[in-house]
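# Fold the following, please.
(4 chains)
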Protein chains: 2
Amino acid sequence: MAVTLADVAVRAGVSAATVSRVLNGNYPVAGATRNRVLRAVEELEYVVNGPASALAAATSDLVGVLVNDIADPFFGIMAGAVQSEIGEPTAERGGPKLAVVCNTGGSPERELTFLTLLQRQRAAAVVLTGGALEDDAHRVALTGRLGRLESAGARVVLCGRPPLADTDFPAVTFDNREGARRITEHLLTLGHRRLGYLAGPQARTTTRHRLEGHRAALAAAGLAGDAARLTVRGDYGRSAGYAGAVELLAREPELTAIVAANDTVALGACAALRDRGVRIPEDVSVTGFDDLPFAVDATPALTTVRLPLHEAGVRAGKLALGREEPPADGVVTCGGELMVRDSTAPPRDA
Amino acid sequence: MAVTLADVAVRAGVSAATVSRVLNGNYPVAGATRNRVLRAVEELEYVVNGPASALAAATSDLVGVLVNDIADPFFGIMAGAVQSEIGEPTAERGGPKLAVVCNTGGSPERELTFLTLLQRQRAAAVVLTGGALEDDAHRVALTGRLGRLESAGARVVLCGRPPLADTDFPAVTFDNREGARRITEHLLTLGHRRLGYLAGPQARTTTRHRLEGHRAALAAAGLAGDAARLTVRGDYGRSAGYAGAVELLAREPELTAIVAANDTVALGACAALRDRGVRIPEDVSVTGFDDLPFAVDATPALTTVRLPLHEAGVRAGKLALGREEPPADGVVTCGGELMVRDSTAPPRDA
DNA sequence: TTGAAAGCGCTACCAG
DNA sequence: CTGGTAGCGCTTTCAA
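Below is the predicted model:
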């Protein structure tokens, strides 16, 4: 079998307890002893047995990160940020943590399943990223699972979704409502009057908040009447954006602007417009959320709302490790103000 | 503390051993007993203690997936595929495995560090994705680490990189060389004669193979002379593509085509061209590798070589779990033939 | 500052 | 088919 603590102890001529203390560095150990142990570790190529250590210490150095779609750079950026933050050795206790990125695919059942698996691993923390499902049954189930995780000693952090009712898990949030309101207001200021909206999947917090902001801006301009007709729902994928744009044009050929619930959807919409010979942004202006770098590189005419994904991930990582105390209300609003990257054109008949 | 196996055993009126058997399902247990145990598990909301189980069984249900850049959908797609494959309960042993996605950021040191962390967790398998670094010192270090992992009982699978010398780890590979050769040949057939090449980072297998294929096609057409002058190196990011395209245009203003080492680089190149008023594909045709869906949606004029990322991930997952036996030579070439998605224009003076 | 020893919760072997 | 039980390798009191 593999080299164990005991082997190292023998080689260094000390007890197992001492080796453990050296490795964890939480106890005073004489310099000479310490060096002897470290040398033995090197020579034997000793690697700690994580499970054994987790069992004895009743906690592991795994941090679960749940994402809705791992192939979406939106989540990739946040997950990468979380990992880079928790990967740094903590002062207080233990070495670097390992991020376990779990891809729920947006499925509520898988979300719960992963949480169970993470609890089974005795994860030190769990970060739930991206919009949450707004469904009572699921909310109750989720609250239960997270509660059990917490009482098993895991920290729970929400990132990119609002606080969970009846809990006090810290949440790192984006101001989706205001961002959507501002971008629509911006389009209205330019003179657009027939705006289509490509909403995200049903019953998601991000979908609802962004849609609310959009509607609020329309209402303020007295354009609420057409809102429902010019809203198409779909998931957060590009094909939904493609199909949605086609549908919007069918409903309103005189459309001059499209607001999409995220960049991926916006890109799909751009593809549809081009396939139909519509020029962007001269004929129709397209805007999205997220500000994924390649999206605007590929389509410079695409205007997006910048969400500070990386920053959110880092903050979530800090909260997950207890390196940062959450504010009294538990909500960290990330990025302060949303930025609108501006390359939008006025409508052709303005 | 949390509910333990013993608690369940008491509640169900059986021994701990029996509960363990029911939970692992590898042993015959009477139907009635079984039900009683399962009911007790439900009532007590029992969750297996992973570390304890891993310690006793000397193996965990974690599978490590190393990626070079988690924010790049190229890796997201593969990692997602691996996870969906290993997430299904195995017939032979144990429930669903949990994928640990580790973001190396392309750093060789971090690659080694993560492997140590995974060994510490007693990972059941490790999948290394994406191009490998071609550096002797690192290769030796990597071989050593992987060897130790293997002798600790972990399966090792390479995905998107060639087999590792002096080892027999199975490898799922793409035919990068032939793909690059074909796409360049394709451009030559259309009449292009001044082709720029945006190569990936130094000393990566993917970079070298793709460049070799490109050069082979040029050589076959008697155009090898200009190859070195019209090759610019950079990393696999979009800004490298942007800068690279600018550099290429400076070196050769009469350029009619650019081949990029991947889609992300190609998108950066497209952005640069547009910023300089160059039309795509009328003035310059841009091609890339990977065939990331949003890339071609955003830029329909972009032609790419399709790599079957999802399929590769699934195959890697199967190999990692031993659900599929590797062929005799250990190499699974994925996708058979590379496809060129065709929307390339002939050069303006053809 | 160090050692001895008692578990942590589970698996798997050996009886029955 | 089921129970008893000896560890798995580490952490952490409690003494020395």
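# Now for A:Asp168, how many residues are close by?
Taking other Cβ atoms under 10 Å in any protein chain shown as the criterion, the count of residues near A:Asp168 is 12. Every C-beta, even on glycine, is put in place using the N, C-alpha and C of the backbone.
# Ok, A:Gly147 next?
When neighbours are counted by other Cβ under 10 Å, A:Gly147 registers 15.
# mean confidence for the helix or strand harbouring it?
Assigning secondary structure by DSSP states H and E places A:Gly147 in helix A:136-151. Helix A:136-151 shows a mean pLDDT of 95 in the predicted model.
# right, and the helix or strand after that helix?
Towards the C-terminus, the helix or strand next in line after helix A:136-151, according to DSSP H and E, is strand A:155-159.
# who's in contact with that following strand?
A:78, A:82, A:124-130, A:132, A:146, A:149-150, A:164, A:167, A:169-173, A:312-313, A:315-316, A:319-322 (Cβ atoms under 8 Å, 6 or more residues apart in numbering or on different chains).
# any weak-confidence spans in chain A?
Per-residue confidence for chain A (pLDDT under 70) gives these ranges: A:1, A:89-94, A:298, A:336-339, A:342-343, A:349-350.
# Centre-most residue in it?
Compute the mean C-alpha point of chain A, and by Cα atoms, centre = their mean the closest residue is A:Thr129, 3.5 Å away.
# Could you pull out the strands in the stretch 101-250 of chain A for me?
For the stretch 101-250 of chain A, the strands defined by DSSP state E, counting those that start in this stretch occupy A:125-129, A:155-159, A:171-173, A:195-199, A:231-233.
# May I see those organised as JSON lines, with distance to B:Val296 added?
Output for the strands of the stretch 101-250 of chain A, formatted as JSON lines (distance: least, Cβ to Cβ, whole Å):
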{"stretch": "strand A:125-129", "distance to B:Val296": "27"}
{"stretch": "strand A:155-159", "distance to B:Val296": "31"}
{"stretch": "strand A:171-173", "distance to B:Val296": "33"}
{"stretch": "strand A:195-199", "distance to B:Val296": "19"}
{"stretch": "strand A:231-233", "distance to B:Val296": "22"}
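# Go through these and name the closest to B:Thr113.
When the strands of the stretch 101-250 of chain A are ranked by proximity to B:Thr113, the top entry is strand A:125-129, at 19.9 Å, counting by Cβ to Cβ.
# The residue lying closest to A:Thr4 once chain neighbours are set aside: how many residues sit nearby?
In space, not counting the residues next to it along the chain, A:Thr4 is nearest to A:Asn49; the distance is 7.1 Å by Cβ to Cβ, 6 or more residues apart in numbering or on different chains. Neighbours of A:Asn49 under the rule other Cβ under 10 Å: 23.
# any idea how far A:Thr173 lies from DNA strand C?
In this structure, A:Thr173 lies at 35 Å from DNA strand C, with Cβ to the nearest atom of the strand, to the nearest Å as the measure.
# My read is that that residue contacts A:Gly330, right?
No - taking contact to mean Cβ atoms under 8 Å, the distance of 10.1 Å between A:Thr173 and A:Gly330 leaves them out of contact.
# Looking at the two, which is more packed in?
A:Thr173 (19 against 16).
# Which residues are in contact with the closest residue to the more buried one other than its chain neighbours?
On the basis of Cβ to Cβ, 6+ apart, the spatially nearest residue to A:Thr173 that is not a chain neighbour turns out to be A:Thr333, at 5.4 Å. Listed by Cβ under 8 Å, 6+ apart, the contact partners of A:Thr333 are A:Thr173, A:Phe174, A:Asp175.
# quick one: the second one and A:Gly335 touch, right?
Just to be clear, that refers to A:Phe174. Yes - in this structure, A:Phe174 sits in contact with A:Gly335. The criterion is Cβ under 8 Å, and the distance is 6.7 Å.
# quick one on the thing from earlier: phi, psi for the residue nearest to A:Thr4 please.
Dihedral angles of A:Asn49 (phi, psi; degrees, to the nearest 10) stand at phi -90, psi 100.
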